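Asks: Here is my input; please provide its structure:
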Amino acid sequence: MSESARVFSATLLFFVAFYMLLAPLPPYLVALGLADWQVGLVLGSFGIAALVGRPLAGLAADRLGRRTVILVGVAIFAAGVVGVLLTGAVLWLMLARILQALGYVAVSTAATARITDLAPPARQGATLARFGIAANVAMTMTPATVDAALGAVTPEQIFLAAALTALLCGMLALTFGNRIATTAAHARDRRLWVLPTPIRQPWLAAVLMGVGFGVWLQFLPLLALRRGVEPAGMLYAVYGIAIILTRLATGPWQDRGHDRTLLVLGFASFSLGLGCFAFTASLPTYLLATALVAAGGGILHPLLMALHVRIMPPALRGRAVSTFYLGFDLGNGMGVWVLGFALQWWGLTALFGLAMVTSLFGLLWAAWRGGRWHATADSMRIDQAEGEAQ
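Replies: Down below sits the predicted model:
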C-alpha cells in the first residue's frame, strides 16, 4: 500500500472515530444530569478550542513533523474521549471536549499537510479533492450506523470503540514520513498564523463558504422539523453521496487553470441550494438543494485549500492548511452565531436567505477577482524561489 493510501486510510479511521461521538454524546450528557445550557457549554467548547488549536497544529506540523503531530493528536483525542467517561463535572467534561477538539485539529491539519507533501505540484488540487472523500464517507455512514446501534450497545461502549478506532489511526500513522522544514529561514519562522497579501482573497472566500456551510449543517434539522419536511437524516446521506461524486467528477479540473470557472460554479451552486432551503418547503426540493450545497462544497473546499498550499512555500505547508481551515471554521462559527439572530428575529427564511446572500457575494467576487488569484499565486511562488536562491 502506498503512503498516500495509508494516509487516506488513517484519516478515514480517525473521522469514523470522530463522528462516532455525534449521536451518543448529547443524550449521554443529559443522562448525567446536566442542564441544557451546560450541555451547550460542553459541546460549544469544541469550536472555540478548534479555532485556537488550528494555528498551533499548523506550526507544529511544520516544525515537529507531520507524523509526530498526528500521533500526538490521536493520543490527545483518545484521552478526551475516555475522559468523558471518568467525570460528571461540567468543567472536567469541557476539558475532555477541548482535548477532543485539539486532537481533531492536530490530526486533520497534519494529515492534510502530509498528503500535499506526497502530491505532485501539478496535481495538488485533484489530490485534495480525492483525499477529502475520507471525511465525507465517515460523515455519511458513521452517525447513522451509530444511531441504529444505540439500542443494542451503550454510549460508554461507543466511546471506547471511538478511542480504539482513533488508536488504529495512530498505529497506521507510524508508517508515515515526517517532513520537517529544512531551510534555515523557515526553520526560524515561528508565526502561528501566516496570511500574506496574495492569500487574503482565497482566505476570505473560505470564510464566505464557511458561513453558508455552517448555517446549513447546524440548522438543517430544525428547518426540516418546523417545515414538516423529514427525515433530515436522508438529507445528510444525500449530502455525503453528492459531495463524494462531485469531488470525483471535478477533481481532475482543479489543476488545469480553471480557478475562476470553478469558483463561480461552486458559489453559484451554494447560493442556489441555500435559496431553495430559504424559500421552499418540500422533500424533493430539499433533496435537490442538498445536492447543490454538496456540489458547491465539493468544488470550493479542495480548490481554496489548494490555492493556500500553492501560494505558501512548502516549508510552511502545515500553516497553509491551518490558515485555510481557520478561515473556514471562522465563517462556520459566524454563520451559526451571527446569523442565528436572524432566526430569532425573522425566522428560518431570513436565516437561510442571508446565508444565500453571503454565497452570492462570494459568487460576484469570484467572477470579478477569481481569475487573478491564480496569477498572484504564480508570481508569489516566483518571488519565493528567487528569495530562497539568494
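
Asks: Keeping just the C-alphas, turn stretch 245-258 into PDB.
Replies: Taking C-alpha atoms only, stretch 245-258 is exported to PDB below (Å, rounded to 0.1, in the frame of the first residue of the first chain):
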ATOM      1  CA  LEU A 245     -19.400  12.300  -6.600                       C
ATOM      2  CA  THR A 246     -18.600  16.000  -7.000                       C
ATOM      3  CA  ARG A 247     -15.100  15.500  -5.800                       C
ATOM      4  CA  LEU A 248     -14.500  12.600  -8.100                       C
ATOM      5  CA  ALA A 249     -16.000  14.400 -11.100                       C
ATOM      6  CA  THR A 250     -14.400  17.800 -10.700                       C
ATOM      7  CA  GLY A 251     -11.100  16.800  -9.100                       C
ATOM      8  CA  PRO A 252      -9.300  16.400 -12.400                       C
ATOM      9  CA  TRP A 253     -10.200  20.000 -13.300                       C
ATOM     10  CA  GLN A 254      -8.800  21.500 -10.100                       C
ATOM     11  CA  ASP A 255      -5.300  21.900 -11.500                       C
ATOM     12  CA  ARG A 256      -6.000  23.000 -15.100                       C
ATOM     13  CA  GLY A 257      -6.100  26.700 -14.600                       C
ATOM     14  CA  HIS A 258     -10.000  26.900 -14.400                       C
END
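
Asks: how about that stretch: buried residues?
Replies: L245, T246, R247, T250, G251, W253, Q254, D255, H258 (16 or more other Cβ atoms under 10 Å). C-betas here are computed from N, CA, C, even on glycine.

Asks: What is the distance between that stretch and the centre of its chain?
Replies: Between the mean C-alpha location of stretch 245-258 and the chain-wide mean there is a distance of 19 Å, by Cα atoms, centre = their mean, to the nearest Å.

Asks: quick one: average confidence on it?
Replies: Stretch 245-258 shows a mean pLDDT of 89.

Asks: from here on, count from 46
Replies: All right, first residue 46 from here; so that's stretch 290-303.

Asks: Run through who's touching that stretch.
Replies: With Cβ atoms under 8 Å, 6 or more residues apart in numbering as the contact definition, stretch 290-303 has outside contacts at 167-171, 173-175, 177-178, 181, 307, 339-340, 342-344, 347-348, 351, 419.

Asks: Just the buried subset of those, please.
Replies: Among the contacts of stretch 290-303, those that count as buried by neighbour count (16+ other Cβ under 10 Å) are 168-171, 173-175, 177-178, 181, 307, 339-340, 342-344, 347-348, 351, 419.

Asks: Let me know the pLDDT of the spatially most central residue of the chain.
Replies: For the chain, the residue whose C-alpha lies nearest the mean C-alpha position (Cα atoms, centre = their mean) is Y370; its distance is 6.6 Å. pLDDT, the model's per-residue confidence, is 90 for Y370.

Asks: Name the nearest residue to it, sequence neighbours excluded.
Replies: Ranked by Cβ to Cβ, 6 or more residues apart in numbering and with sequence neighbours excluded, the top spatial neighbour of Y370 is R99, at 5.3 Å.

Asks: Go ahead and confirm the one you found touches V152.
Replies: No - the pair formed by R99 and V152 falls short of the contact definition of Cβ atoms under 8 Å, at 11.8 Å.

Asks: mind listing what R99 touches?
Replies: The neighbours of R99, taking Cβ under 8 Å, 6+ apart as the test, are V150, T154, S367, Y370, L371, D374.
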